[in-house]
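> What follows is a protein structure lacking sequence information:
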């Protein structure tokens, strides 16, 4: 059941088309990702859905209503985390949470949320003194404070170290587990792969792909690569006999096995163990959404 | 209006936490008072028609506070909040724009009033300030002047694209007014040509009105000043209503 419906959305700024005839739906309870390079139009799209921007044309329906004409009604039911840092720096953490809680008809217990996001010890700190990760967690508190049905996240992990990033991903999954729908915008393909049930890839204002990450990668028809180093050279023939191995290459001590199927890893490793071949530095390279993007556009997405 | 009380309290706290605004609006006028007071004292003088220098100056210094609130504090605060995305983040909630605007207006009116009260109390204690007017007349004059200048401040905040421009614009408009309107140097010492130029400044009318009612002159005598400030207030409200941007 579609909880967000976007039909033929168009928006230009000063005669430059930012969003060009974009249509898609978001299902209730899913984590939907809008992915693409910076400037592709993602923020414009999400902000039109959030009612912060006015589309030039097209229909948007969120929770059954039009964001433009039912702003206040919709704002009660959605939570938003914006891309830019956007709180007073001389406000304390508890004051910010308290203020935002008071703006909604219904809000969750602020102490509970503060604790949940690990901000309890920063209760009295000024927002300006928080680290980037702490600020992002505060923004999530503010996005969840009204127990929304849909949570909008715009570039949630930009500027975070890998550890914090993963912690954020876990949080997003927890949000989904509470039954909420998540609409996120990101330019990190890995983030989209890890988190999203479905992604829409945006480039230059158009949706160029819309599907689950697995399907998009599968449809790519690109090989996985199993790479390892060995001291023996006799195994080439044996490797070529592996059923899911499409091709095998050797460069000095490095061996690369190409194949499509997911069983390839297991089969290669089993063979190596069976033949008692000593291998090192085994790793797997799989196609990712980055490869999908590259394939669709001929360009790399800049991280 | 939901959240109004909390929003008001937060804006007030934020003002108190800004050292520059706090100092210039609440402390600085008292410093000027003491400087002038130590030079001139408050004995009656022919120069001011039998009134003391401090008696003449206190309503004038109130105009400084009003001017500062309207032309320096408001543009800076509002434009900064817009620039930092604070307004945008607020707009992503059910808050009504009226709540935000009213919050600002009330907080800055409050702050300006506190500054004026501190000034009057200090002048009374140190220099035995005299008051010859009607309290409600002064209240009216003060309120009209403050709201008028707050609306001017909102015009600057609406029109200036960045916080920096808002700050610079406010400064450029405020400082000539500060020195030529009679708020610091009394108009009595100015040559005729300068006095004529000063009639172009809104702050001049605030000084005239506050001084006028401080010494008990009638409504009729202050009609020009009242009209000027009223027109400014209305124009300011209209212009900012039409041009204000939330981002």
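Sure thing, it's come through. Here the structure is a predicted model, which is why all the values come from computation and not from measurement. Numbers count the residues shown, from 1 in each chain, chains lettered A, B, ... in the order given.
> where does residue 146 land in three-state SS?
All of this is about chain A. The three-state label given to residue A:146 by DSSP: H, G, I helix; E, B strand; the rest coil is coil.
> hang on, isn't it packed against residue A:102?
No. Residue A:146 is not in contact with residue A:102 according to Cβ atoms under 8 Å; the separation is 10.7 Å. Using the backbone N, CA and C atoms, a C-beta is placed for each residue, glycine as well.
> Would you mind listing what in chain A touches chain B?
Residues of chain A lying close to chain B by Cβ under 8 Å from any Cβ of the partner chain are A:50, A:52, A:71-72, A:75-76, A:80, A:82, A:84-88, A:90-91, A:95, A:98-100, A:102-105, A:142.
> Where do the strands of the chain begin and end?
Assuming you mean chain A. Ranges of strands in chain A, per DSSP state E, are A:2-13, A:16-27, A:31-35, A:57-62, A:78-81, A:150-154, A:181-186, A:198-203, A:206-211, A:224-230, A:245-251, A:254-259, A:279-285.
> My question was about chain B, not that one.
For chain B, the strands defined by DSSP E cover B:44-45, B:51-52.
> so which of these gets nearest residue A:168?
Smallest distance to residue A:168 across the strands of chain B (Cβ to Cβ): 66.3 Å, for strand B:51-52.
> List, one by one, the residues from chain B near chain A.
Taking Cβ under 8 Å from any Cβ as the test, the list of chain B residues beside chain A reads B:2-3, B:5-7, B:10, B:13-14, B:17-18, B:81, B:84-86, B:88-96.
> Among those residues, which lie within helices?
Here DSSP state H is the test, and these give B:5, B:6, B:7, B:10, B:13, B:14, B:81, B:86, B:88, B:89, B:90, B:91 as lying in helices.
> Who's the closest spatial neighbour of the last one, skipping the chain neighbours?
Closest residue to residue B:91 apart from its sequence neighbours, by Cβ to Cβ, 6 or more residues apart in numbering or on different chains: residue B:246 at 5.5 Å.
> my guess is the one you found contacts residue B:89, does it?
No. Residue B:246 sits out of contact with residue B:89 when judged by Cβ under 8 Å, with a separation of 10.3 Å.
> Please say which of the two ends up with more neighbours.
residue B:89 (22 against 13; other Cβ atoms under 10 Å in any protein chain shown).
> number of nearby residues for the residue lying closest to the more buried one once chain neighbours are set aside?
The shortest distance from residue B:89 to any non-neighbouring residue, by Cβ to Cβ, 6+ apart, is to residue A:86 (3.9 Å). Residue A:86 has 19 neighbours, counted by other Cβ under 10 Å.
> in the sheet, who's paired with residue A:33?
residue A:184, residue A:199 (DSSP bridges).
> quick one: low-confidence parts of chain A?
Along chain A, segments meeting pLDDT under 70 span A:85, A:233-234, A:302-303.
> Now do the same contact list for the closest residue to chain B within it.
Closest to chain B within chain A is residue A:86: 3.4 Å, counting by Cβ to the nearest Cβ. With contact taken as Cβ atoms under 8 Å, 6 or more residues apart in numbering or on different chains, residue A:86 is in contact with B:84, B:85, B:86, B:88, B:89.
> Tell me the one of these nearest residue B:118?
When the contacts of residue A:86 are compared against residue B:118 (criterion: Cβ to Cβ), the nearest one is residue B:86, at 28.9 Å.
> Just give the nearest non-adjacent residue to the closest one, would you?
Using Cβ to Cβ, 6+ apart, the closest residue to residue B:86 is residue A:86 (5.5 Å).
> sorry, back to before: format the strands of chain A as a markdown table; extra columns: mean neighbour count and distance to residue B:200.
Formatted as a markdown table, these follow (neighbours: other Cβ atoms under 10 Å in any protein chain shown; distance: least, Cβ to Cβ, whole Å):
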| stretch | mean neighbour count | distance to residue B:200 |
| --- | --- | --- |
| strand A:2-13 | 17 | 40 |
| strand A:16-27 | 17 | 43 |
| strand A:31-35 | 26 | 54 |
| strand A:57-62 | 16 | 48 |
| strand A:78-81 | 25 | 47 |
| strand A:150-154 | 23 | 48 |
| strand A:181-186 | 24 | 51 |
| strand A:198-203 | 23 | 54 |
| strand A:206-211 | 17 | 56 |
| strand A:224-230 | 18 | 78 |
| strand A:245-251 | 15 | 83 |
| strand A:254-259 | 19 | 81 |
| strand A:279-285 | 12 | 74 |
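> so what secondary structure elements neighbour the longest helix seen in chain A?
Across chain A, the helix with the greatest residue count (assigned by DSSP H) is helix A:162-177. Judged by 3 or more Cβ pairs under 8 Å, 6 or more residues apart in numbering or on different chains; DSSP states H and E, helix A:162-177 is in contact with strand A:31-35, helix A:132-144, strand A:181-186, helix A:189-195.
> quick one, which of the strands of chain B is packed in tightest?
Most buried of the strands of chain B, by mean neighbour count (mean count of other Cβ atoms under 10 Å in any protein chain shown): strand B:51-52, with a mean of 20.
> Which strands border that strand, and is each parallel or antiparallel?
The strands beside strand B:51-52 in its sheet (DSSP bridges) come out as strand B:44-45 (antiparallel).
> residues making contact with the partner strand?
With contacts defined as Cβ under 8 Å, 6+ apart, strand B:44-45 is touched by B:50, B:51, B:52, B:53.
> Recalculate using a threshold of 6 Å.
B:50, B:52 (Cβ atoms under 6 Å, 6 or more residues apart in numbering or on different chains).
> circling back: could I have the buried ones of the residues of chain B next to chain A as ChimeraX selection syntax?
The ChimeraX command for the buried members of the residues of chain B next to chain A (criterion: 16 or more other Cβ atoms under 10 Å in any protein chain shown) is given here:
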select /B:3,6,7,10,14,18,81,84,85,86,88,89,90,91,92,93,94,95
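> What about residue A:172, how many residues nearby?
Counted with other Cβ under 10 Å, residues neighbouring residue A:172 total 22.
> could you list every residue that touches it?
By Cβ under 6 Å, 6+ apart, the contact set of residue A:172 is A:182, A:195.
> do that again at 7 Å, thanks
A:31, A:182, A:195 (Cβ atoms under 7 Å, 6 or more residues apart in numbering or on different chains).
> doesn't residue A:169 make contact with the last one?
Meaning residue A:195. Yes. When contacts are counted by Cβ atoms under 7 Å, residue A:195 is listed as touching residue A:169 (5.7 Å).
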